[in-house]
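**Student:** need a 3D model of the sequence below.
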Amino acid sequence: MQSKVQQPKPPAPGAPAPADVIDVEQAEAALVEHYPRLVRLAYLVLPPGLGRNRRVLTAHSVTQRALPRGRTAPAPARTAGDPGYAYVRLRVLRSALDAGLPLRLSAWPKRAQLPPLLPQVRGLRLFPKSGGADELALDQALSALDGPARAAYVLRGLERLDDTAISTTLTSAGCTPEDAAAALVRAAGVESQPALLNSPEFDPCSLHARPTDLMRRRQHAKAGLAAVAALVVCGALLGLPADDWGPDGAAAPPYARNPAGQAALDPSKLTRVAAGVWQTSSRTDFSVWPARGDLTGDTELLRRALAVWARPGESVQVSATPGTPAGAPPGPAQLLYAGEVDQARVVVLYDGLRIVRYAEPKNGTSGAALDFARVDGATAGQASAVVLDRSDGNVRYLTAPWVSGASVRDLLKPDAAPLKLTRTSDGVTSPFLSPALAESCTSWNALALTDSSGTRLTTDLGELVPAQLTSGRPDAPRDSRAADWSATACSLAAARSHGVRSVNSWAYARQPLPEANGTAEWVCTRAETWQGGSPRTLALFRTPGAAASVVAAKSETSPACGSRDPVVLAGVRWKSRAGTWYLVAAGSKQVNSVTAAGSTGAGNLLAVKVARDAKVSLKGGTASGKQVTTLR
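**Tutor:** Below you'll find the predicted structure:
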């Protein structure tokens, strides 16, 4: 369906006639007044190869540098409209075209060819809102054009200039007359509608924000802290007397003389579980995984992995999920896997508390990585897979020996047939697209693992161990089906990289909406972590026909919606089709009264008319007299 957007108008052609010079105040007034339009123009003309985050920042950067360097500047070629706007538009256009020029060894790079110094945003990726199919087609068509042709199309569709004015503007921006004429011809071949240039898809002033690579940021932070700690220790040692290290008190001998510590670094002391032990064991967790992989006999590789675990060097990228200690092994660990995966050699170890993954390139050891994940008390569903590798947006798993089949389910398309995954004899799956670092939620893949007890769903949330997905009442959850997450899967993004053990989805209420607007669904999702604290709980509200749910309330401390307190209450302001605003609220079945805005609803549902911006308190009660507050 074609998007309907309001077409903003360019500066009025009835403005004063252009002068010979432009002063800085005139240019600044034009830039401030038309800033969103100028940034949109820059964003559309900049080369798509920069990526959406850098295009956004570069568009703002070149627009903010469009003022004259001195007090005045020569006016651009005579055009209808505000001369100040024409001047800054030309400056923005010239910089955006310069950004698409290739770097040459024979000349200094232009300022626009370099990453912007300002503005800068740390820890976030910024990108415009996603549009529809028409906007995507236009974006692809513009990506196929060179810079001058993109500029010609944008000047024609966004600025509504005729071909003569476009040719003059392109020539003033540095194009030759021949290039400008050719750009007009190429721009005329784009079949998409120019009105789509005003879509939110191409608005770099209305942005979505997502985190950058959280794992890499955490690694850098840990490396920085380790460097500071090393400097402090070195300073303290230099300040000690030459022959007196001070009393050790009850401290143990240095690690190098500790027998248990020495045994932990000996590859021959690694525990190797036999292949069939899991079939007769009373436990079903990582402790009964056999040692697998074609490099389990590579003593040098195992020695390097254990040495890096005990003493990671400066070049090693170390990461750990929240609440997971990253220290040396307390004693000989258990070997789960050693083999080649894609372009790396990977070793996976288990010490009873943590899964540890060591990875190094096939050629050399530079760029080795060490990852820790806490897994104590894992159940069969939570010990069914370990991430072996992530690359190019894909993930590859090592599955438990009791897993008999693996497939991928898109939670947003529960009716689609599952994609079967091939597995090697060692239980290594073929790669598939991971949602762990996706910037948008157009799909959400879950790993479906089948064993003798049925099929369980897990999903990659950026950890070594995928999070198990369950559904139903928190005090009696069951294994999820894909349909249980069709409207709430995108909410899983809030649980990425937080050490999540399992996520439960509970459809706790259905509510008939006022004015015969259909029936809404209330869902509570709760992500439990391996460390036991900081659960991430969301109350989600979905209206009839909506593709996804909206977040009505959230908490990281509340016991609500959990096994200890399976009661929840949440409310949200909702607008009916007739334009009337309501506060709609719903509690779980234990709630028998809900009160807000002077009204009390019988049972666990309430819908009351409120002003859009009114401050309303909401509370509920149970049959036993217990008061229930909203999730917060």
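
**Student:** hmm, who's touching the helix or strand containing Arg150?
**Tutor:** Assigned by DSSP states H and E, Arg150 falls within helix 147-157. The contact list for helix 147-157, computed with Cβ atoms under 8 Å, 6 or more residues apart in numbering, reads 41, 44-45, 47, 93, 96-97, 100-101, 142, 145, 161, 163, 165-166, 169-170, 173, 175, 179-180, 182-184, 186-187, 190, 194-195, 197. For every residue, glycine as well, the C-beta is placed using N, CA and C.

**Student:** give me phi/psi at Phe202?
**Tutor:** Backbone torsions of Phe202, given as degrees, to the nearest 10, read phi -110, psi 30.

**Student:** distance of it from Leu126?
**Tutor:** Going from Phe202 to Leu126 by Cβ to Cβ, to the nearest Å gives 14 Å.

**Student:** who's more crowded, those two?
**Tutor:** Phe202 (21 against 18; other Cβ atoms under 10 Å).

**Student:** wait, the more buried one sits on Tyr43?
**Tutor:** Yes - with contact defined as Cβ atoms under 8 Å, Phe202 reaches Tyr43; the gap is 6.2 Å.

**Student:** which residues are common contacts for the two?
**Tutor:** By Cβ under 8 Å, 6+ apart, the residues touching both Phe202 and Tyr43 are Pro128.

**Student:** list the residues that contact Asn592.
**Tutor:** Counting by Cβ under 8 Å, 6+ apart, Asn592 has contacts 602-604, 621-623.

**Student:** can I get those residues in JSON lines including pLDDT and secondary structure?
**Tutor:** Shown next, in JSON lines, are the contacts of Asn592 (pLDDT from 0 to 100; DSSP: H, G, I helix; E, B strand; the rest coil):
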{"residue": "Ala602", "pLDDT": "80", "secondary structure": "strand"}
{"residue": "Gly603", "pLDDT": "91", "secondary structure": "coil"}
{"residue": "Asn604", "pLDDT": "94", "secondary structure": "coil"}
{"residue": "Gly621", "pLDDT": "93", "secondary structure": "strand"}
{"residue": "Thr622", "pLDDT": "92", "secondary structure": "strand"}
{"residue": "Ala623", "pLDDT": "87", "secondary structure": "coil"}
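
**Student:** of all the residues you listed, which two lie farthest apart?
**Tutor:** Ala602 and Thr622 (13.8 Å; Cβ to Cβ).

**Student:** neighbour count winner among the two?
**Tutor:** Thr622 (17 against 9).

**Student:** does that one touch Lys589 like I think?
**Tutor:** No - judged on Cβ under 8 Å, Thr622 makes no contact with Lys589 at a distance of 9.8 Å.

**Student:** circling back: which secondary structure elements does the next helix or strand after the helix holding Arg150 contact?
**Tutor:** Using DSSP H and E, the helix or strand that follows helix 147-157 in sequence is helix 163-172. Counting contacts by 3 or more Cβ pairs under 8 Å, 6 or more residues apart in numbering; DSSP states H and E, helix 163-172 is packed against helix 83-99, helix 147-157, helix 177-188.

**Student:** what strand or helix carries the residue positioned nearest the centre of the chain?
**Tutor:** For the chain, Leu437 is the residue whose C-alpha lies nearest the centre (Cα atoms, centre = their mean; 4.6 Å). Secondary structure assignment for Leu437, by DSSP H and E: no helix or strand.

**Student:** Arg37 too?
**Tutor:** Assigned by DSSP H and E, Arg37 belongs to helix 35-45.

**Student:** please save the CA atoms from the next helix or strand along the chain from that helix in PDB.
**Tutor:** As assigned by DSSP H and E, the chain's next helix or strand after helix 35-45 is helix 52-64. What follows is helix 52-64 as a C-alpha-only set of coordinates in PDB (Å, rounded to 0.1, in the frame of the first residue of the first chain):
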ATOM      1  CA  ARG A  52      22.000   4.500   7.800                       C
ATOM      2  CA  ASN A  53      23.600   5.400  11.100                       C
ATOM      3  CA  ARG A  54      26.600   7.300   9.500                       C
ATOM      4  CA  ARG A  55      24.300   8.800   6.800                       C
ATOM      5  CA  VAL A  56      22.200  10.300   9.600                       C
ATOM      6  CA  LEU A  57      25.200  11.800  11.400                       C
ATOM      7  CA  THR A  58      26.800  13.000   8.200                       C
ATOM      8  CA  ALA A  59      23.600  14.600   7.000                       C
ATOM      9  CA  HIS A  60      23.400  16.600  10.200                       C
ATOM     10  CA  SER A  61      27.100  17.400  10.100                       C
ATOM     11  CA  VAL A  62      27.200  18.800   6.500                       C
ATOM     12  CA  THR A  63      24.000  20.800   7.200                       C
ATOM     13  CA  GLN A  64      25.500  22.400  10.300                       C
END
